[in-house]
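J.: okay, here's the prediction I keep looking at, along with the sequence it came from:
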Amino acid sequence: MILPKTNRLTPEQLNEVTAIVAEFGCKIQPIIGAVRTIYAIVGDERDELMINRLEGLDYVDRIDRIQSPFKLMDKRSDLASHRIKLGGIVLGEELFVVAGACTIDPKNPNYFYETAHAVKEAGAHAIRGGVWKPRTNPYTFQGDTKSLDILMEASRRTGLPVDTEVMEEAHIKLALDAGVCCLQIGARNALNYSLLRAVGKAIAERETAVLLKRSIHMGPISEFISAAEYIAAFGNPNVILCPRGTTPTIDGYRNHPDESITPLLKEKTWAPVVVDPSHSVGKAAYVPACALAAVAYGADGLCIEAHVEPAKGIGDDPKQALTPPVLAETIRQAKQLWQLRRGGIEAKK
Ligand code: PEP
Ligand code: MN
């Protein structure tokens with residue numbers, strides 16, 4: 001990783017470093033951070049001669065050689081000071097909340113509009129709504145591109161940014177063209193490296209963020225962070241990690257709640273952690289406790305399914321969506337707990 005003395009390299013300087021690393025079979029990938037741009041050396045960056053030549057350039061501050069499989073997302077990376085802005089706040093400075101329906105019902109758009117207003121009223125910073133849905137049963141509703149218009153209309157009506165899941169390259173383009181601020185990679189696709197790469201490429205020159213769910217097939221924590229690295233490696237480090245429950249399941253819960261991995265993630269990566277309690281426990285009655293547990297474990301935010309009338313919803317909403325009053329109370333308590341933690345345990349660290 002090349003750290004220049006200035007905020008970014010001039011085109012001539014970039015050409016020079018690109019030519020040097022090319023002699024050693026490497027390429028340069030600029031990573032645009034909030035404050036400055038750093039330059040990842042893509043390829044085998046261990047050649048001492050290459051490093052010496054780069055270190056000899058008078059506009060280079062230093063070369064950072066982190067021995068990590070996820071050198072951008074690593075907590076020791078120069079990007080550790082990078083901050084992600086979403087929904088009018090900086091993640092890490094306030095508890096971030098994204099909430100909304102699991103699945104937008106294209107036949108009943110008013111449910112989504114009403115839910116979006118209720119979510120805003122409850123204190124959320126962004127709205128979630130599924131346009132394209134990964135469903136276990138191939139004969140159930142798979143989502144509908146028409147719902148993208150409903151999602152964006154809800155965004156216009158509330159003034160809040162939106163998050164939606166993309167499952168294939170075509171979805172990425174449609175979502176970005178429509179103005180979606182946060183692309184969600186679902187648990188089923190979190191290990192789909194071609195999709196991760198496609199998302200990384202598509203958001204490279206944008207401010208778009210990615211909410212990367214944890215796959216139930218992921219083993220070590222490093223596998224989760226490496227998936228984020230796939231996206232960041234194309235130049236946009238706005239990747240948010242989202243634990244959402246894993247296997248084995250506990251009788252009564254949809255998945256095995258995994259908000260407790262938050263401190264482990266935070267030990268290894270600077271990426272914000274936004275926990276999804278809804279898919280974790282899978283039942284509305286258990287979601288508030290799981291949300292608070294996530295905040296107690298140090299989460300930077302929550303992704304919660306909510307619906308004005310859960311029983312009339314589709315997808316996961318009838319079983320796990322919170323009603324607006326429960327959502328509002330959960331957010332209120334979660335924000336209080338976040339402040340308590342911040343002023344107490346965190347301040348004493
Ligand atoms: C969802 O957010 O509605 C969803 C399908 O999530 P996951 O990928 O975590 O199952
Ligand atoms: Mn869902």
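T.: In hand now; what should we look at? Ligands and ions are numbered 1, 2, ... in the order given.
J.: drop to CA atoms for contacts and neighbour counts, all remaining ones
T.: Noted.
J.: ok, the residue of the stretch 51-200 of the chain found nearest ligand 1 - contacts?
T.: Proximity of the stretch 51-200 of the chain to ligand 1 (CA to the nearest ligand atom) peaks at residue 186, 3.2 Å away. Contact analysis of residue 186 by CA atoms under 8 Å, 6 or more residues apart in numbering lists 165-167, 212-215.
J.: look up which residues are beta-bridged to residue 275.
T.: residue 302 (DSSP bridges).
J.: residue 260 is in contact with that one, correct?
T.: No. Residue 275 is beyond contact range of residue 260, at 9.9 Å (criterion: CA atoms under 8 Å).
J.: what do these two both touch?
T.: Joint contacts of residue 275 and residue 260 (CA under 8 Å, 6+ apart) are residue 294.
J.: who has more neighbours out of the two?
T.: residue 275 (34 against 17; other CA atoms under 10 Å).
J.: so what's that one up against?
T.: 241-244, 259, 291, 294, 299, 301-303.
J.: redo those as TSV? Include distance to ligand 1 and secondary structure.
T.: TSV is the format used below for the contacts of residue 275 (distance: CA to the nearest ligand atom, whole Å; DSSP: H, G, I helix; E, B strand; the rest coil):
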residue	distance to ligand 1	secondary structure
241	11	strand
242	8	strand
243	8	coil
244	5	coil
259	13	helix
291	15	helix
294	15	helix
299	16	coil
301	15	strand
302	12	strand
303	8	strand
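J.: which of those sit farthest apart?
T.: 241 and 291 (15.3 Å; CA to CA).
J.: contact residues of the protein facing ligand 2?
T.: Contact residues, the chain versus ligand 2 (CA under 5 Å from the ion): 102, 316.
J.: check the chain for the residue nearest ligand 2 and tell me.
T.: residue 102 (4.1 Å; CA to the ion).
J.: burial count for that residue?
T.: By other CA under 10 Å, neighbour count at residue 102 equals 26.
J.: got the contact list for it?
T.: 128-130, 305-306, 314-317, 321.
J.: roughly how far does residue 245 sit from residue 187?
T.: Distance check for residue 245 against residue 187: by CA to CA, to the nearest Å, it reads 9 Å.
J.: and if you look at residue 1?
T.: With CA to CA as the criterion, residue 1 and residue 187 are 30 Å apart.
J.: and for residue 50?
T.: 40 Å.
J.: burial of the nearest residue to residue 75 once chain neighbours are set aside, as a residue count?
T.: Nearest residue to residue 75, sequence neighbours excluded (CA to CA, 6 or more residues apart in numbering): residue 269, at 4.2 Å. Applying other CA under 10 Å, we find 23 residues neighbouring residue 269.
J.: show me where the stretch 201-349 of the chain has helices.
T.: 221-232, 262-268, 277-281, 287-296, 317-320, 324-341, 347-348 (DSSP state H, counting those that start in this stretch).
J.: of all these, which one is nearest residue 149?
T.: Here helix 317-320 is closest among these (CA to CA), at 20.1 Å.
J.: can you give me the end-to-end span of stretch 114-133?
T.: Stretch 114-133: ends 21 Å apart by CA to CA.
J.: equivalent analysis for stretch 174-182, please.
T.: 13 Å.
J.: got the buried residues for that stretch?
T.: Using 16 or more other CA atoms under 10 Å as the test for burial, stretch 174-182 gives 175-176, 179-182.
J.: show me what it is in contact with.
T.: With CA under 8 Å, 6+ apart, stretch 174-182 has contacts from 148-149, 152, 161-164, 166, 183, 207-211.
J.: and stretch 39-53, by the same measure?
T.: 1-3, 20-21, 24-31, 63.
J.: cool, stretch 318-330 as well?
T.: Against stretch 318-330 from outside (CA under 8 Å, 6+ apart): 101-102, 115, 118-119, 121-123, 278-279, 282-285, 287-288, 291-292, 304-312.
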